[in-house]
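> Predicted model and sequence below, questions to follow.
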Amino acid sequence: MKHIYAYENTSDYEKYQSTIERFSEDLFAYQQELQENFQLRDLPKGIVWTTSELATTTFSTIPIPAFTNKDLIYFSPDEDDWRKLFINQLEGKKHPEIEDFYLTMPDVHIFTILAHELTHHLDLFPDEFDEERRDSIWFEEGMCEYLPRRIILSDFEFDRFAHIEAELIKMFKDKYGRHSLDEFGQASYKGSLTSIMFDYWRSFHAIKYLVEERANHNVYQVFEEYHRWYEEGRKQPLTAFLGIEDLFR
């Protein structure tokens, strides 16, 4: 993968240089794990390292400074901006435990967001992930949340992250949880930051449930079920096929 630096001045690059170098090394190690065990065969052409502002106003209008557009990953390594984004998810609600978690969490949590983008390139996903579809995008997004966290984080860090996002689901269930997880699609990104993230939280927890409770920690078994649904023609919503349509009710 090529590394492309999209900054308006050299001082911005210099500010993030050490983080970029550290994240690049860690991403290569994660890349090898995916190549050996999860059918990562075709790498993206490159990573565009940029500021949060450029990522969300020039390269995209989505309020999240990490995304993949065709063969390029766009990512802001600004840890302070990520922490502000996580706090903004609360929409002004007070929750000291969640606020403290996001303000003090180690930057490895932010690195898993970059690893999420690379995970989209697995051949285990039969679709192109940027296609418009409404019945299964949650599976891919949830798996791209789950795999980096489970592989990269310690058990304590993983469990803590899962707990925080479970609390966020409870907090915003009445406001944003009235639609099926199968409706998570491109239209979802037209909503607010929290409404977008709400479906990511649910997708992660759906995959966590499928892998760790239904499949006894066998992630490959979950992929096999997904492939069977896909190969049989998607005759019903994926949540119904997997029997989890009531998981968040």
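That came through, no problem.

> Just the pLDDT at Gly185, thanks.
Listed pLDDT for Gly185 reads 79.

> so how far is Asp246 from it?
21 Å (Cβ to Cβ, to the nearest Å). Glycine gets a C-beta too; all of them are placed from N, C-alpha and C.

> higher neighbour count, those two?
The residue with more neighbours, out of Gly185 and Asp246, is Gly185; 16 against 8, by other Cβ atoms under 10 Å.

> hang on, the more buried one packs against Glu141?
No: here Gly185 does not reach Glu141: they are 10.2 Å apart, not a contact under Cβ atoms under 8 Å.

> Which strand or helix spans the residue nearest the centre of the chain?
When Cα atoms, centre = their mean is applied to the chain, the residue found nearest the centroid is Glu145 (4.1 Å). Using DSSP states H and E, Glu145 maps to helix 137-152.

> in that helix, what counts as buried?
Residues of helix 137-152 classed as buried: 137-152 (neighbour count, 16 or more other Cβ atoms under 10 Å).

> So which elements touch it?
helix 10-37, helix 108-119, helix 155-176, helix 193-209, helix 219-231, helix 238-242 (3 or more Cβ pairs under 8 Å, 6 or more residues apart in numbering; DSSP states H and E).

> could the ones you listed be laid out in JSON lines, adding mean pLDDT?
Putting those into JSON lines (pLDDT from 0 to 100) gives the following:
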{"stretch": "helix 10-37", "mean pLDDT": "97"}
{"stretch": "helix 108-119", "mean pLDDT": "98"}
{"stretch": "helix 155-176", "mean pLDDT": "97"}
{"stretch": "helix 193-209", "mean pLDDT": "97"}
{"stretch": "helix 219-231", "mean pLDDT": "97"}
{"stretch": "helix 238-242", "mean pLDDT": "96"}
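
> so which of the ones you listed gets nearest Pro44?
helix 108-119 (7.2 Å; Cβ to Cβ).

> Identify the residues contacting the residue nearest to Trp201 when sequence neighbours are not counted.
Leaving aside its chain neighbours, Trp201 sits nearest to Glu165 (4.3 Å; criterion: Cβ to Cβ, 6 or more residues apart in numbering). Residues near Glu165 by Cβ atoms under 8 Å, 6 or more residues apart in numbering: 201, 204-205.

> Please apply the same query to Leu43.
1, 31, 121.

> Verify the stated contact: the first one with Pro44.
Yes: with contact defined as Cβ under 8 Å, Met1 and Pro44 form a contacting pair (6.0 Å).

> The residue lying closest to Arg150 once chain neighbours are set aside: how many residues sit nearby?
Excluding its sequence neighbours, the residue lying closest to Arg150 (Cβ to Cβ, 6+ apart) is Phe158, at 6.1 Å. Residues near Phe158, counting by other Cβ under 10 Å, number 17.

> Phe158 against Arg149, yeah?
Yes: at 5.3 Å, Phe158 and Arg149 qualify as touching, with contact defined as Cβ under 8 Å.

> hang on, the residue nearest to the centre of the chain packs against His116?
Yes: between Glu145 and His116 there is a contact under Cβ under 8 Å: 6.0 Å.

> any idea how far Lys84 is from Tyr13?
For Tyr13, the distance to Lys84 equals 21 Å [Cβ to Cβ].

> Neighbour count: those two, which is higher?
Neighbours per residue (other Cβ under 10 Å) separate Tyr13 from Lys84, with Tyr13 holding more: 16 against 13.
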